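Chemist: For reference, the sequence and a predicted model appear below.
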Amino acid sequence: MITSPDNSQLKLIRKLARKKARDEEGMFVAEGDDLVAAAVAAGWEPEALLWAGQDVEPELLDRVSQLGSGTRVIGVYRQRWAEPGGDLSVALHGVGDPGNVGTVIRSAHALADGPVVIGPETADPYGPKAVRAAMGSVFARPPARGRPVGTTVALDADADDVLAPVDGPVTLLVGAEREGLPADVVESADVRARIPLRADGPESLNAAMAATLALYVMGSRSDG
């Protein structure tokens, strides 16, 4: 039973709250029964696994928790990065909200067969908020780095064409809610398309909502 806050495993968990440390160590933290169960189901072995009251004093685990309300279990895992690919995937550019990044990973797991490609200025998919928002999908479908594959479809609010199914393989390009995709990314895309919104509605959609809707539309193409 760990009884000291100076324990090396607790120190590692505290350290991994910072992105720089996650990059250096190549590891990340997952908190809670559901995420740990998702890791087991996906065949991920933890670098460290601490259960409150079993491996460590509960108050010590609460001190290193990022949940605010404490946690029953914290696992430390080695990051995994997939290769871009699949018949349908999504690439994020400048999506700085980690909750949005995690939600897109979850949506892609549900609606696509390819990974989420993490582009420039996008939040760390292995940060605490992103991992929680992904709800275990980060284990089942790890994110990717690299260039999008297949036909690239840029979500652009100013596009003339409305989003419609495209023969795969295809990668959806999604930017931040307000700024959208960088101009050079839009210009280099094979297709530019918009999600039609009501004239009396909001000017834009949350990035995760837009990506989820677009994945649903693209996933309905007739070639299966």
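Modeler: Perfect, thanks for sending it. Residues are numbered from 1 along each chain as shown.
Chemist: Once you drop chain neighbours, what's closest to the residue minimising distance to the centre of the chain?
Modeler: In the chain, the residue lying closest to the centroid (Cα atoms, centre = their mean) is Gly102, at 3.3 Å. Leaving out its chain neighbours, the residue that sits closest to Gly102 by Cβ to Cβ, 6 or more residues apart in numbering is Ala133, at 2.7 Å. C-betas here are computed from N, CA, C, even on glycine.
Chemist: Could you tell me how many residues sit around the closest residue in space to Gly136 that isn't next to it in sequence?
Modeler: Distances taken as Cβ to Cβ, 6+ apart put Ala38 closest to Gly136, at 2.8 Å, once the chain neighbours are dropped. When neighbours are counted by other Cβ atoms under 10 Å, Ala38 registers 19.
Chemist: quick one, what contacts Ala38?
Modeler: Neighbour list for Ala38: Met135, Gly136, Ser137, Phe139, Ala140 [criterion: Cβ atoms under 8 Å, 6 or more residues apart in numbering].
Chemist: Which helix or strand contains Asp74?
Modeler: Let me fix one detail, which is that residue 74 is Ile and not Asp. strand 73-78 (DSSP states H and E).
Chemist: which helices and strands does the helix or strand following that strand pack with?
Modeler: Scanning forward in sequence from strand 73-78 by DSSP H and E, the next helix or strand is strand 88-93. Where contact means 3 or more Cβ pairs under 8 Å, 6 or more residues apart in numbering; DSSP states H and E, strand 88-93 is packed against helix 98-111, strand 116-118, strand 170-175, helix 207-218.
Chemist: Show me what the longest one packs onto, helices and strands only.
Modeler: If I follow you right, that is helix 98-111. strand 88-93, strand 116-118, helix 128-134, helix 137-140, helix 207-218.
Chemist: Just put those in JSON lines and tack on mean pLDDT.
Modeler: Shown next, in JSON lines, are these (pLDDT from 0 to 100):
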{"stretch": "strand 88-93", "mean pLDDT": "97"}
{"stretch": "strand 116-118", "mean pLDDT": "98"}
{"stretch": "helix 128-134", "mean pLDDT": "97"}
{"stretch": "helix 137-140", "mean pLDDT": "98"}
{"stretch": "helix 207-218", "mean pLDDT": "95"}
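Chemist: May I see these arranged in a markdown table, with mean neighbour count as well?
Modeler: Output for these, formatted as a markdown table (neighbours: other Cβ atoms under 10 Å):
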| stretch | mean neighbour count |
| --- | --- |
| strand 88-93 | 26 |
| strand 116-118 | 27 |
| helix 128-134 | 23 |
| helix 137-140 | 24 |
| helix 207-218 | 22 |
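Chemist: Indicate which one of the ones you listed is closest to Leu197.
Modeler: helix 207-218 (10.0 Å; Cβ to Cβ).
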